[in-house]
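>>> got a sequence here, can you model it:
(chains A and B)
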Amino acid sequence: MVDPKLIREAPQLIEKSINNKNVDPVIVEKWLKADKKRSLSIVALGELRYERNQLTEKFKKNKPTSKQAKDAKNLREKIQKLEKKLKELENEWNELLLLIPNPSKNDVPVGKDDKANVELKREGTPPKFDFEPKNYLELGRMHDLIDIESASKMSGPRFGILKNDAALLELALVNYAISFLVKKGFKPVIPPTLIKKEMEKGLGYADQGGWKDMYVLDEDNLVLVATAEHSLVSMNSGRVFENKELPERFVGYSSCFRRESGSYGKDTGGIFRVHQFDKVEMVSFCKPEDSEKEHEFLISLEEELMMSLGLHYRLMILSTGDSSAPSAKTVDTETWMPSENKFRETHSCSNCTDFQSRRLNIKFKNKNNSLEYVHVLNGTAFAIGRMIIMILENFQQKDGRIKIPQPLISWMGKEYIESFTRK
RNA sequence: GGAAGGGUGGCCGAGUGGUCAAAGGCGACGGUUUGCUAAACCGUUGUUCAGCAAUGAACGCACGGGUUCGAAUCCCGUCCCUUCCGCCA
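Predicted coordinates:
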């Protein structure tokens, strides 16, 4: 959530920034009204409680007469009534506050949607083929790597099965990314992928109708996470980091579940956009003054991984309108996809500042030993399905074999994907 | 699943209905002293609300209810932790 003090101090600024995120700024005005009501109610309740405290102070020495006790009882009822009222007001106050998205940082381009995203840089060059390159589904069929038909039979549309060398390639990518990040000081985590609904709410994606994008198990009060970020952040809810523990970095490997409710007709038929995929994800907790540097650090790791594979990619800074509610700044990596002759999103790295830590109560002890909210960041190491697509398409050979990128060879135990035969 | 014991401030820890304004200690911050560091001493050190401020008030003992004129303390529910037993890949 946004710091209430900031909204009181500069409501026009917040209104502007949430308007940039395509959210109706009228909630700011609504919240300010609720805030006023709340504070009036707190004052009134304080007065009544003061009255009661004065009374009971007297009763310490002399037991109350029955009339005095009756009056005090009346006072108690008045207090209880007002407490109930205040509780309602606070709920409303809080619900409105939760609807206000994290304002974007100043260097984020203002715009309505992804058309306003800005390219920051580009690395590498697209591969040149002296033959007619195939798309990943054709290559997958050739080597029996991806089975959409069986997945569709057993689970429905937008599912895929990774088989044979694709399954091994997943494990190679996972092992490579995790061992790389562990060397950089990340703590490896295999988290639960079912988390409590209130945790999911705390992450800040569910407001503005986000529940419809998730698989919600109402009977159990659980949600299937859309990314390990949700697990890794909520795992640390309520935590107080020691000053010297920061930055604390985690790398998680998990399945990710998405209903893709708003993407009918987009990327159908393959594994580019599926309801379930696996991902290696970075999450970082740091001091507020370090978060911009930390964001750059996470992006640099994404780049290092991509460069080491030899993939052609570009970095895009997302416009205000294309950024998620918790994010103050998001930089996506888009990787060159030969069959579409364009860049497609494979990574996303966000600085969520104190938006999530306020909601999930994640703090640290600053140098004065008092508690302050940490900044929370997340970034993709590898979204496996999409990486497999990119590797297949970019490193295909004339004879149909797929050349495995150098860093993955030892994990794969082979240099080429060719037709899989049981030994 | 069964049994027992626990959850108090940044941390440790006392407290079984009003004397709690939550003792005492540690840590941190500010000050005095000091050639420097340390020590010693004094002060500050939870949240919210009103106020320009001095300040005042309320809240705060895992969370949510309840009893009472009055609850950290009594009662009910929930969560979590520890130990022991049982079951299990």
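>>> which helix or which strand is home to A:M282?
Under the criterion of DSSP states H and E, A:M282 resides in strand A:276-286.
>>> how about whichever residue of the stretch 251-400 of chain A sits closest to RNA strand B, what does it touch?
As assessed by CB to the nearest atom of the strand, RNA strand B sits closest to A:N369 within the stretch 251-400 of chain A, at 3.9 Å. All C-beta atoms are positioned from the backbone trio N, CA, C, and that covers glycine. Listed by CB atoms under 8 Å, 6 or more residues apart in numbering, A:N369 has no contact partners.
>>> so what does it have for phi and psi?
phi 70, psi 10 (degrees, to the nearest 10).
>>> now do it against A:S291, distance only.
Going from A:N369 to A:S291 by CB to CB, to the nearest Å gives 21 Å.
>>> what separation do you get for A:A44 and A:K87?
Separation of A:A44 from A:K87 (CB to CB): 14 Å.
>>> count of neighbours near A:T227?
25 (other CB atoms under 10 Å).
>>> A:P191 too?
Neighbourhood size, A:P191 [other CB under 10 Å]: 18.
>>> what's near enough to touch it?
A:A228, A:S231, A:L232, A:M235, A:G252, A:S254.
>>> farthest pair within those?
A:M235 and A:S254 (11.4 Å; CB to CB).
>>> between these two, point out the one with more neighbours.
More crowded of A:M235 and A:S254, by other CB under 10 Å: A:S254, with 21 against 18.
>>> not counting residues beside it along the chain, what's closest to that one?
A:A228 (4.0 Å; CB to CB, 6 or more residues apart in numbering).
>>> that neighbour reaches A:K279, doesn't it?
Yes - using CB atoms under 8 Å, A:A228 makes contact with A:K279 at a distance of 6.4 Å.
>>> thinking again about what came up before, and the residue nearest to A:S254, how many neighbours?
Using other CB under 10 Å, A:A228 has 29 other residues around it.
>>> A:E248 too?
Neighbour count of A:E248, defined by other CB under 10 Å: 18.
>>> which residue packs closest to it, ignoring adjacent ones?
Closest to A:E248 by CB to CB, 6+ apart is A:F285, at 4.7 Å.
>>> which residues touch the one you found?
So A:F285 contacts A:N236, A:F241, A:L246, A:P247, A:E248, A:R249, A:S357, A:I362, A:F364, A:V374, A:H375, A:V376 (CB under 8 Å, 6+ apart).
>>> hmm, try it at 6 Å
A:F285 makes contact with A:E248, A:V374, A:V376, according to CB atoms under 6 Å, 6 or more residues apart in numbering.
>>> show me those that map onto strands.
Counting by DSSP state E, the part of those found in strands is A:E248, A:V376.
>>> show me which residues of the lengthiest helix in chain A are buried.
In chain A, taking DSSP state H as the definition, the longest helix is helix A:26-61. Within helix A:26-61, the residues scored as buried using 16 or more other CB atoms under 10 Å are A:I27, A:V28, A:W31, A:A34, A:D35, A:K37, A:R38, A:S41, A:L45, A:L48.
>>> so which of the residues you listed is the closest to A:M142?
A:M142 has its nearest neighbour among the buried residues of helix A:26-61 in A:I27, at 53.1 Å by CB to CB.
>>> burial count for the closest residue to the closest one other than its chain neighbours?
Residue nearest to A:I27 in three dimensions, not counting chain neighbours: A:L99, with 5.2 Å by CB to CB, 6+ apart. A:L99 has 18 neighbours, counted by other CB under 10 Å.
>>> pLDDT at A:L99, what is it?
If you check A:L99, the pLDDT there is 91.
>>> over to the one 5 residues further on?
You'll see A:S104 listed with a pLDDT of 95.
>>> the closest residue to it other than its chain neighbours: neighbouring residues, count only.
Nearest residue to A:S104 in three dimensions, chain neighbours excluded: A:T320, at 4.6 Å (CB to CB, 6+ apart). For A:T320, the count of nearby residues is 24 (other CB under 10 Å).
>>> list the contacts for A:T320?
A:N20, A:K21, A:S104, A:V108, A:V110.
>>> looking at the fourth one now. What's its pLDDT?
This means A:V108. 96.
>>> my guess is it contacts A:K329. True?
Yes - here A:V108 reaches A:K329: they are 5.4 Å apart, a contact under CB atoms under 6 Å.
>>> who touches the helix or strand containing A:V233?
For A:V233, the host element (DSSP H and E) is helix A:228-234. The contact list for helix A:228-234 (CB under 6 Å, 6+ apart) reads A:191, A:195, A:199, A:203, A:225, A:250, A:252, A:254, A:281, A:283, A:356, A:376, A:378.
>>> pLDDT (mean, whole number) over that helix?
Regarding helix A:228-234, the rounded mean pLDDT is 92.
>>> CA-only coordinates of it in PDB, if you can.
Presented in PDB, the C-alpha positions along helix A:228-234 are these (Å, rounded to 0.1, in the frame of the first residue of the first chain):
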ATOM      1  CA  ALA A 228       7.500 -18.000  -7.000                       C
ATOM      2  CA  GLU A 229       7.700 -14.300  -6.200                       C
ATOM      3  CA  HIS A 230       4.400 -14.700  -4.400                       C
ATOM      4  CA  SER A 231       5.700 -17.500  -2.300                       C
ATOM      5  CA  LEU A 232       9.100 -16.000  -1.600                       C
ATOM      6  CA  VAL A 233       7.700 -12.600  -0.600                       C
ATOM      7  CA  SER A 234       4.900 -14.000   1.600                       C
END
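>>> check whether the next helix or strand along the chain from it comes near RNA strand B.
Downstream of helix A:228-234, the first helix or strand assigned by DSSP H and E is strand A:240-241. Yes - under the criterion of CB under 7 Å from any atom of the strand, RNA strand B is reached by strand A:240-241 at A:V240.
>>> average pLDDT for strand A:240-241?
Per-residue scores along strand A:240-241 average to 84.
>>> next up, phi/psi of the residue of chain A most remote from its centre, please.
Largest separation from the mean C-alpha position in chain A: A:T65, at 60.6 Å (CA atoms, centre = their mean). A:T65 adopts backbone torsions of phi -70, psi 170, taken as degrees, to the nearest 10.
>>> can you check A:R401 too?
According to degrees, to the nearest 10, A:R401 has phi -70, psi 160.
>>> can you list the domain ranges for chain A.
A:4-98, A:114-417 (automatic domain parsing).
>>> which stretch of helix or strand covers A:I388?
helix A:384-394.
>>> could you check the angle that helix makes with strand A:276-286?
110 degrees (axes from the mean of the first three to the mean of the last three CA atoms, to 10 degrees).
>>> ok, and what's touching the helix or strand just after helix A:384-394?
Counting by DSSP H and E, the element after helix A:384-394 in chain order, helix or strand, is strand A:402-403. Taking contacts as CB under 6 Å, 6+ apart, the residues outside strand A:402-403 that touch it are A:L392, A:F395, A:Q396, A:Y416, A:I417.
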